[in-house]
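Trainee: The sequence and its predicted three-dimensional model are supplied below.
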Amino acid sequence: MVELADTPDLGSGAARRKSSSLFIRTNNITDITVNEKKMKAKEEKSKGLNKKYSVTIAAADFAAAVEKKLEAVSKNIKMPGFRAGKAPKAMIEQKYRPTVLGEVLDDMIRDASNKIISDNKLRPAVTPDIKIEKFEDGKDIEFTFETEVLPEIKLENFDSISLNKYTAKVPASEVEKALQYMAKSHRKTNTVTKKRASKKGDVAVIDFVGSVDGVEFEGGKGNAYPLELGSNSFIPGYEDQLIGHKAGETVEVKVTFPENYHAKNLAGKEALFVTTIKELREFEDTEMNDETAKLYGATDLADLKSKIENRILEDYSSASRIKLKRDLLDALDKAYKFEVPQKLVDAEYAAIEKQYKDAKAHNRLDESEKSRNEKDVLAEYKDISLRRVKLGLLLSEVGSDAKISLTSEDINKAIMNEARKYPGQEKAVFDYYVKNKEAVEALRAPAYEEKIIDYILGKAKLAEKEVSVEELYDFSEGNKKPAKKTAKKAS
């Protein structure tokens, strides 16, 4: 199974690796064995990837299977007044025959369906649809078996794909910006001894009690809370109302909770916070030098700058990988044309549509979605669903053809890549995956996908191209560079 994950304009879609012949046979009647009994399966006229069979199971075969099942059941059944296995056959049939009929019917239809798949070398894309057309006591059983099969994909050479691998140099200003941020995070605060009003940038140590319509609410109270004025870490407008007040003052702060506030009982409501400024503190600038650098595990300031630059380069590499992968998927999408099982597309679209509508209901749409008509957004998602399934099937075929499989080293690498997303918490993230098997399993599909992508990139022609940082991080549609002439057919 391949899932397209962490891919701009693709997201995550799944498709099983299977293929089937597109040669369609019509009106071909075949006798096939099911549990040493015979049935007749007639293939109806097929269209594209859709396959349909009309199946008949002889009444005599079904009756014999029911009789055999009842005999097996009677050996272990205890009924009042009789020892196990000694109850009269008529009593057994009266009580258990309806249940046995259902079980035997399920068994015979399952076996018949599996035999149709095996004998006709079908590769179902989805669970087959079984519909019982006739089931009457003493008469032949008739049902239809219908499914979509996975397409036959003829792989082509990848050595004619030419792509750019983007790189960028780290500007000295970026390193300096990171140093300033690190210095700021280690600043100390000192009590303001001078009697003055608070200003933006001060830390106000506050006690507060919040209420809505005169009633205090859960989570609305705090003591000796250090709040940096201007940090916008509290409800919009709260910090502004504390500016210009002195230590010791009590301020009635009136604010309105945002409409999308996480606590639904407070969303959009006006609140009053009675706030006492217990103390004002101001920051003391921290100088970044050799000693400060040691706080970050560096030997000196030069070493720290080198570590910062390397970390930024890792981020650049990730951005480059995203662009490279997107360009590759674009090239593959253009190079390959094959029919895609509609039910897989429908399932993918249903998942995306649900995510979109859930996000809309909770006011979590991104800006581009908010500014567009829902009908247009969903129409685009239909195209994306088709693309995801198509590329998922293609990558699965590549993985199978190249006999690509995951190793324990691949999984460990995937875990470490996840850990790197949380600087300073790497060990905690690693421990989480060590203790959580389900989380590790969730990494398998994207890890397998990345291995297949690496395999294809290893055969394509890559040219390094240095760009600006702004261009490197520009993932807009207009900035997508089409790949040069793509795959020629394999000889």
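Mentor: Right, received. Where do you want to start? Owing to the predicted nature of the structure, the values given are computational and were not obtained by experimental measurement. Numbers count the residues shown, from 1 in each chain.
Trainee: Every contact and neighbour count from this point should use C-alpha atoms.
Mentor: Noted.
Trainee: how about Glu218, phi and psi?
Mentor: Main-chain dihedrals, Glu218, degrees, to the nearest 10: phi -60, psi 130.
Trainee: ok, now how distant is it from Val209?
Mentor: 10 Å (Cα to Cα, to the nearest Å).
Trainee: Between these two, which is the more surrounded one?
Mentor: Per other Cα atoms under 10 Å, whichever of Glu218 and Val209 has more neighbours is Val209, with 17 against 8.
Trainee: Shouldn't Val255 be within a strand?
Mentor: Yes: the assignment for Val255 by DSSP: H, G, I helix; E, B strand; the rest coil puts it in a strand.
Trainee: Count the residues that sit near it.
Mentor: Here the number of neighbours of Val255 (other Cα under 10 Å) works out to 17.
Trainee: do Ala445 as well
Mentor: So Ala445, with other Cα under 10 Å, has 18 neighbours.
Trainee: Next one: it from Glu380, what distance?
Mentor: To Glu380, Ala445 is 25 Å away according to Cα to Cα.
Trainee: show me where this protein has helices.
Mentor: Assigned by DSSP state H, the chain shows helices spanning 59-74, 89-119, 172-185, 290-294, 301-335, 342-361, 367-370, 374-401, 408-420, 426-435, 437-459, 469-472.
Trainee: how is this protein carved up into domains?
Mentor: The record assigns the chain these domain ranges, following automatic domain parsing: 2-12+156-170+295-479, 20-148, 188-284.
Trainee: Of all those, which one is nearest Gln180?
Mentor: Nearest to Gln180, of all the domains of the chain, is domain 2-12+156-170+295-479, at 11.5 Å by Cα to Cα.
Trainee: mean confidence for the closest one?
Mentor: The predicted model assigns domain 2-12+156-170+295-479 a mean pLDDT of 90.
Trainee: again, but for stretch 191-205
Mentor: 95.
Trainee: Can you list the neighbours in contact with it?
Mentor: The contact list for stretch 191-205 (Cα atoms under 8 Å, 6 or more residues apart in numbering) reads 189, 224-231, 242-247, 277-283.
Trainee: One more: stretch 97-105?
Mentor: Counting by Cα under 8 Å, 6+ apart, 62, 65-66, 69-70 sit against stretch 97-105.
Trainee: if you set the cut-off to 7 Å instead, what comes out?
Mentor: With Cα atoms under 7 Å, 6 or more residues apart in numbering as the test, stretch 97-105 has contacts from 65-66, 69-70.
Trainee: average pLDDT across it?
Mentor: The average of the pLDDT scores along stretch 97-105 is 91.
Trainee: mind listing what's buried in that stretch?
Mentor: Buried residues in stretch 97-105, counted by 16 or more other Cα atoms under 10 Å: 97, 100-101, 104-105.
Trainee: Those: which two are farthest apart?
Mentor: Farthest-apart pair in the buried residues of stretch 97-105 is Arg97 and Leu105; separation 11.9 Å (Cα to Cα).
Trainee: mind giving me JSON lines with the domains of the chain and columns for distance to Lys177?
Mentor: Formatted as JSON lines, the domains of the chain follow (distance: least, Cα to Cα, whole Å):
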{"stretch": "domain 2-12+156-170+295-479", "distance to Lys177": "10"}
{"stretch": "domain 20-148", "distance to Lys177": "52"}
{"stretch": "domain 188-284", "distance to Lys177": "18"}
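Trainee: Would you tell me which of those gets closest to Ala178?
Mentor: Closest among these, using Cα to Cα: domain 2-12+156-170+295-479, at 7.4 Å.
Trainee: can you give me the offset of that closest one from its chain's centre?
Mentor: Distance of domain 2-12+156-170+295-479 from its chain centroid, counting by Cα atoms, centre = their mean, to the nearest Å, is 11 Å.
Trainee: Measure how buried Thr292 is and give me the count.
Mentor: Thr292 has 19 nearby residues by other Cα under 10 Å.
Trainee: Any regions of the stretch 51-200 of the chain where pLDDT drops low?
Mentor: 81-86 (pLDDT under 70).
Trainee: rerun that using 90 as the cut-off
Mentor: 69-100, 137-138, 160, 183-188 (pLDDT under 90).
Trainee: For stretch 418-433, which outside residues touch it?
Mentor: So stretch 418-433 is in contact with 415, 439-440, going by Cα under 7 Å, 6+ apart.
Trainee: Tabulate the residues you listed (JSON lines), appending distance to Ala428 and neighbour count.
Mentor: Formatted as JSON lines, the contacts of stretch 418-433 follow (distance: Cα to Cα, whole Å; neighbours: other Cα atoms under 10 Å):
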{"residue": "Ile415", "distance to Ala428": "11", "neighbour count": "22"}
{"residue": "Ala439", "distance to Ala428": "14", "neighbour count": "13"}
{"residue": "Val440", "distance to Ala428": "14", "neighbour count": "16"}
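Trainee: May I see those residues arranged in JSON lines, with distance to Asn114 as well?
Mentor: Converted to JSON lines, the contacts of stretch 418-433 look like this (distance: Cα to Cα, whole Å):
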{"residue": "Ile415", "distance to Asn114": "39"}
{"residue": "Ala439", "distance to Asn114": "33"}
{"residue": "Val440", "distance to Asn114": "33"}
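Trainee: Thanks again, I'm all set now.
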